[in-house]
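1. predicted model follows, preceded by the sequence.
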Amino acid sequence: MSENRSQTHFYYRVQPKAPVFKSFTYKSVLKLNKGQRVKIPFGKRKLNGFILEEEPAPLMEDQKIKEILDWDQNSIPLSEKRLNWMKWLSAYYHYPLGSILDLSFLQESFKKKDSPLKTDQVMTFQESELLKLNKEQENCVNKILQHPNFQTHLIHGVTGSGKTEIYIQLIAHALKQNKQALVLLPEISLTPQIVQRLEKIFLNQIALLHSQVRPAQKKQAWKSLLSGQKNLLVGTRSALFCPLPRLGLIVIDEEHDSSFKQEDKFRYHARDSAIVLAKELDIPIVLGSATPDFSSYKKALDSSYKLYELKQRAFKQSLPQVTVVDLKNKAEKSSYFWLSDLLLKKVGDTLNQGKQVALFVNRRGQATALLCASCGQARKCLNCDISLTLHRQDHLICHYCSFLEKKPLRCPSCQSDRWIEKGFGTQKVEEELKKLFPQFKTLRVDRDSVPTQEEMTNFIKQVESNQVQIIIGTQMLSKGLNFPSIYLVGLILADMDFHLPDFRAEERSFQTLLQMAGRAGRAGFGEVILQTFNPQHSSILFAEKHDYKGFFLNGIKSREVWSYPPFSRLCLLRIDSLKEKEGRDFARQTAKQAEKLALPFQKGQKVKYGIQILGPSPAPLVKIKNRYRFQILIKGENYRLLDQFLKKLFLEVPKRSFIQLKADRDPSSMF
Ligand code: ADP
Ligand code: ZN
Ligand code: ZN
């Protein structure tokens, strides 16, 4: 009955938008394109799917091959390069390809209904608004422009060195070449000033994409970029998935920022993913930061990235003078242990001179470290050199290797029985300052209530117009804000982040210290008071001198000794289960299986340890939403070994109902 049917059909490999790692063959009477979105029958349902490639017709008619139901006439198919990139992402992050491909399409109907946008718009921008670059900036721009093809560039510029102006010149160059540019920022609501600057220059060329953009605006932005009416996309991490057809430049500002890592479902890192995309598209990518990620800076020193050092502030303002205050003695006698006499005096002086003060209370995360109030030491794990976390007030646990100890009564080093368990928040600092300086206006901005873009813009106005004199905030205020009027910056407790249960705790806290200090004195003069229980801690010593490189060279040594990234690659297996016992048993079995599978990877010439399995241990927050969470940390000597190992492991681990096993490649936090 159907002898010649196979000749009248085309066959395609289709990736359904479903949590599966396989793709399937479908047929169609119409010729379709690679990268096109289609509607397919899948089990009993109808799902979206994506055509991966055309397949040869089977020799015999196969009744089981189902027919494609419909195809999307409204969107442009994904390019081969974008497809390749997304296949890589799916394999690397162990996340279903269909769900990743879906990120590059708008949620809308398949039927053509929009009139096409006109594409013949002339590209305009405000040449007259461009600043004349200083020597360092100009040199950097010229060198980057010598690389029209794939190259990762890292701009390490001190706070206020004018990195934005460099991005602007590079973007202008790309637009002139009829290419499009993508700028990724950590969190748009926290960085409104750079957006305003870009909007001023690129006027009608710029489109914004971030979580606060409404669906209708998103659609508008997306369409204008795909049609080429707009050519500069500024957004947060997911903007990476907007398939700009003529992408010629990617910029990642504040590349060290941990918000580039998505912390749920698809746990990708936008910076790392962007570098892979740039490579696939063979275009340059520019990373910028005053405090680069250790991995990025190491690659730059190893010459795989090109490094540009901007050592001076843009118009030669000096970096602020930093004074370190030791809080230890204070803590013994005063309930105000967090406010030193020096800081109190400086705040008063600054306010009386009509200048502004910013106080940072550097507190984040749920886990509480135990810190001796007298000698400042934190309890550390004997196996991992990582701070232990306090659980249920009575015992301390290592989140890496599950080492456990009872909370000691006295500090083993100095015998004091005063422990500091909890940080204190911005609220308390605000209350006290209001009492101390009732004649001045205070403003508190903290992360608990992540501000909207409007609130942030309003906040900036109040600061700029000098309506407030005392600003109290968390480290979110340290992100890219530029207030020339702030003279004094006080860091209330600089140690707070030193003891987070993470090998990156020191790197992160140093970054935050330097970024916060960088908010002071942008107009020319400024002062920073840094209060700490650990004045000899390397983060403090190097922050005092604004010495990023010194801190890096010092810190990278211990990474090497302990084989932490960038000297190894990590994957955190996250297990969660409805029932506690089953989850724990499954975690144990999986770890055992992993140990066995790791054996062949641990032998061989030139292999030091190959694959190392740490754990299982309960996650720092064991119970969330009635699910119990456990984790196993897998350390690979290098990328290739870890990849091979994980592939094997995922094939072998049995599936369990009610238990989820998720991979978190290059985990950025252990929470
Ligand atoms: P960064 O991002 O490196 O911390 P910004 O790009 O915010 O620094 O620049 C800091 C300040 O210096 C901004 O007010 C900016 O307008 C100014 N600036 C940057 N480059 C120049 C320049 N070449 N001439 C004059 N002012 C500049
Ligand atoms: Zn002590
Ligand atoms: Zn440990």
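-> Received the coordinates, thanks. Ligands and ions are numbered 1, 2, ... in the order given.

2. spatially central residue in this protein, please.
-> Nearest residue to the geometric centre of the chain (CA atoms, centre = their mean): Phe260, 2.2 Å.

3. for that one, which non-adjacent residue is spatially closest?
-> Nearest residue to Phe260, sequence neighbours excluded (CB to CB, 6 or more residues apart in numbering): Ala270, at 4.3 Å. Glycine gets a C-beta too; all of them are placed from N, C-alpha and C.

4. number of residues surrounding the one you found?
-> Close neighbours of Ala270, defined as other CB atoms under 10 Å, add up to 24.

5. re the thing from before, isn't the residue nearest to the centre of the chain right next to Ile275, touching?
-> No: taking contacts as CB atoms under 8 Å, Phe260 lies outside contact range of Ile275: 11.4 Å.

6. and what about Val528, helix, strand or coil?
-> For Val528, the assignment made with DSSP: H, G, I helix; E, B strand; the rest coil gives strand.

7. and it, what pLDDT?
-> Listed pLDDT for Val528 reads 92.

8. quick check: bridge partners of it?
-> Beta-bridge partners of Val528, counted by DSSP bridges, are Val322, Val489.

9. low-confidence ranges, the stretch 51-200 of the chain, go.
-> 113-123 (pLDDT under 70).

10. go again with 80.
-> 59-62, 109, 111-128, 188-192 (pLDDT under 80).

11. residues contacting the residue nearest to the centre of the chain?
-> By CB atoms under 8 Å, 6 or more residues apart in numbering, the residues touching Phe260 are Leu184, Pro186, Arg237, Ile252, His269, Ala270, Arg271.

12. the first one and ligand 2, how far apart?
-> Spelled out, it's Leu184. 43 Å (CB to the ion, to the nearest Å).

13. now do the fifth one
-> Here His269 is placed at a distance of 38 Å from ligand 2 (CB to the ion).

14. for the record, mean pLDDT for stretch 559-571?
-> Stretch 559-571 comes out at a mean pLDDT of 93.

15. is it positioned near ligand 3?
-> No: judged by CB under 5 Å from the ion, stretch 559-571 stays clear of ligand 3, getting no closer than 10.7 Å.

16. hmm, who's touching that stretch?
-> 294-295, 298-299, 384-385, 503, 608-609, 612, 633-639, 642, 646, 663-667.

17. which of the residues you listed fall within strands?
-> Residues of the contacts of stretch 559-571 located in strands (DSSP state E): Gln612, Leu633, Ile634, Lys635, Gly636, Ala663, Asp664, Arg665.

18. excluding its backbone neighbours, what's nearest Asn638?
-> Arg569 (6.5 Å).

19. distance check, the residue nearest to the centre of the chain against Glu61.
-> 50 Å (CB to CB, to the nearest Å).

20. ok, back up a step: can you select the buried ones among the contacts of stretch 559-571 for me in ChimeraX?
-> In ChimeraX, a selection of the buried entries from the contacts of stretch 559-571 looks like this (16 or more other CB atoms under 10 Å):
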select :294,295,298,299,384,503,612,633,634,635,636,637,642,646,663,664,665,666,667
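
21. any idea how far the residue nearest to Asn638 is from Asp643?
-> 9 Å.

22. what sits in contact with each of the two?
-> Gly636.

23. which of the two has more residues huddled nearby?
-> Legend: neighbour count by other CB under 10 Å for Arg569 and Asp643, higher for Arg569 (19 against 16).

24. quick one: stretch 513-522 near ligand 1?
-> No: judged by CB under 6 Å from any ligand atom, stretch 513-522 stays clear of ligand 1, getting no closer than 6.7 Å.

25. mind checking the end-to-end distance for stretch 16-31?
-> By CA to CA, to the nearest Å, the extent of stretch 16-31 from end to end equals 19 Å.

26. how about residues contacting it?
-> Contacts for stretch 16-31 (CB under 8 Å, 6+ apart): 8-15, 38, 40, 42, 47-50, 52, 55, 65-68, 71, 90, 96-99, 101-102.

27. among those, which are located in strands?
-> Using DSSP E, the contacts of stretch 16-31 in strands are 10-15, 38, 40, 42, 47-50, 52, 55, 66-67, 71.
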